[in-house]
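In: Sequence first, predicted coordinates after that:
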Amino acid sequence: MPDSTHLSNKGISASKSPMRIDLEIYYEAMENLYHSETNPDGALPMNVAENHLCWDMLRNRIEKVTRENTIPDWVASYTDPAGAPSFREATGEFFSKFLMHVPVNPDSLAFSGGATSTIEMTSFLLANPGDTAVIPAPSYPVYTGDIGTLPEVKRFDLQVPSMPLSSEYQFDLQLLQDAKEKIEANGSAFRMLILTQPDNPTGRIYSEDFLRKIADWCIEHQIHLIVNEIYGLSQLDIKNPSLNKYYPEVSPFISFGKIMAEYQSPFLHFWYSFSKDFGISGFRIGVLHSHNEDLIHAYRNAGLGHSISNYTQWVIQEVLLDHDFLKAFFKSFQQKLTESYLIVSQTLQNLNIPFNPSRGSLFVWMDLSEFLDEESLKGEEKLWLEIYEKTGILITPTNGFGHTEKGWYRIVITSLNHEELKVAMKRLSDFIQIKRKG
């Protein structure tokens, strides 16, 4: 056992607190990947939120940029810690045309090295140590570390029932008021409300009307509302003939950036990263959008150590300026994402496994509570490991999502190609049928 007495208190805590509990098994699975010919019994990791569906298409475009263009001189020099001016302009145009559909001022954007860095920086600048961020549960487990490890912001999981299953989020705002009173009674301050849309893990979205109600409530109580649209363009084609019957009456997806443009409030903010929609998590590009000028200035002044490589900014800038390519790219991505969703959702329907109907994201949130030996974290972990050991399918364990309802698991539908996904669903079907036979 390593001696950690030479570390700071935070260092000791970090050394004993893994970022997520499934990483060790994930690395094991990555050493034994399925291949139809050379390793047909190999593992099928579906626990890490990566999007591999259109990488070949994007890689070709990136290679064209680097092959046909001379690297500009500014790439080799220091630039604005919040992002090179030309990169901020290109991103503003991208947001305006493809996501928010309103003009976006480049000066309202600040970049850092990945979504984690953006979340950490924003939390550090908006909240004091010991303050609380409220997050509707179930939600992204690693928010806990992102807001807590360095900013020392506490996480409060707002319990939003999973039933009835729906593709839209809707909850009584009294839940926020109750949370505020509880947090304050415990000596903390309700400082931030974090929403994700489309949601991780449920794939739900928030209607424009509901977003406005939440924004009004937060402004009234001077609470910072942050909407994370890291999956903003990872939307399903719900008009697909195989899907449209499941969405008889739905609200259109409206980016929170559009609402922010109208409100111009210092309490409304927006997160994005290129990791998921573009499938380039390794490029490490996260962005904060806010009309709070003080926050953007603070981000710039404190963010030098979180800056993105100028070379990365230049390459992606050139891609972002090619709107014809982006239009084709996202059309292809939506088609492939929808097909992935159909492969998984139709399998679950055939097995009578409940799941949350999704509007987007890279996931399906499914209810396997039928197979729990006991309704506890221990019971959930036992089933999660059993699925991996008997099928080679590694899904995301529920530990950390913050929900009190037991037996729900997240499955990433974009980490495998469609043929691999069909293999995974065949293995899952066989496992469930055997479990039901006892």
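Out: Noted; the coordinates are in hand. Numbers count the residues shown, from 1 in each chain.

In: Confirm for me that residue 338 is in contact with residue 241.
Out: No: look at residue 338 against residue 241 with CB atoms under 8 Å: they stay out of range, at 10.9 Å. C-beta: built from backbone N, CA, C; applies to glycine.

In: of the two, who's got more company?
Out: Counting neighbours by other CB atoms under 10 Å for residue 338 and for residue 241 shows that residue 338 has the greater number, 19 against 7.

In: How many residues are close by the residue lying closest to the more buried one once chain neighbours are set aside?
Out: Excluding the flanking residues, the one nearest residue 338 by CB to CB, 6 or more residues apart in numbering is residue 237, at 4.5 Å. Taking other CB under 10 Å as the neighbour definition, residue 237 ends up with a count of 17.

In: which residues touch residue 237?
Out: Residues counted as contacts of residue 237 (CB atoms under 8 Å, 6 or more residues apart in numbering) are 243, 334, 335, 338.

In: tell me the least confident of those?
Out: Comparing pLDDT over these, residue 243 scores lowest. The value there is 91.

In: My guess is that one contacts residue 250. True?
Out: No: between residue 243 and residue 250 there is no contact under CB under 8 Å: 10.8 Å.

In: tell me the domain boundaries of the protein?
Out: If you go by automatic domain parsing, the domain ranges for the chain are 9-56+326-437, 72-322.

In: could you redo the ones you listed as TSV and give each row distance to residue 62?
Out: Formatted as TSV, the domains of the chain follow (distance: least, CB to CB, whole Å):
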stretch	distance to residue 62
domain 9-56+326-437	10
domain 72-322	6
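
In: average pLDDT for stretch 218-227?
Out: 98.

In: what's it in contact with?
Out: Under the contact criterion CB under 8 Å, 6+ apart, stretch 218-227 has outside partners 122, 126-127, 180, 190-197, 206, 211, 214-215, 217, 256, 263, 265, 267-271.

In: run the last query once more with 6 Å
Out: When contacts are taken as CB atoms under 6 Å, 6 or more residues apart in numbering, the neighbours of stretch 218-227 outside the stretch itself are 126, 190, 192-195, 215, 256, 265, 267-270.

In: among the residues you listed, which are in strands?
Out: Among the contacts of stretch 218-227, the members falling in strands (DSSP state E) are 190, 192, 193, 194, 195, 268, 269, 270.

In: hmm, back to that, now, which of the contacts of residue 237 lie within helices?
Out: By the criterion of DSSP state H, membership of the contacts of residue 237 in helices covers 334, 335, 338.

In: and the helix or strand of the chain with the lowest mean pLDDT, how far from the chain's centre?
Out: Counting by mean pLDDT, DSSP states H and E, the chain has its least confident helix or strand at helix 9-15, which shows a mean of 78. Between the centre of helix 9-15 and the centre of its host chain there is 26 Å, according to CA atoms, centre = their mean, to the nearest Å.

In: And the helix or strand that comes right after it, what's buried?
Out: With elements assigned by DSSP states H and E, the helix or strand that comes after helix 9-15 is helix 23-30. Counting neighbours by 16 or more other CB atoms under 10 Å, one finds that the buried residues in helix 23-30 are 25, 26, 29.
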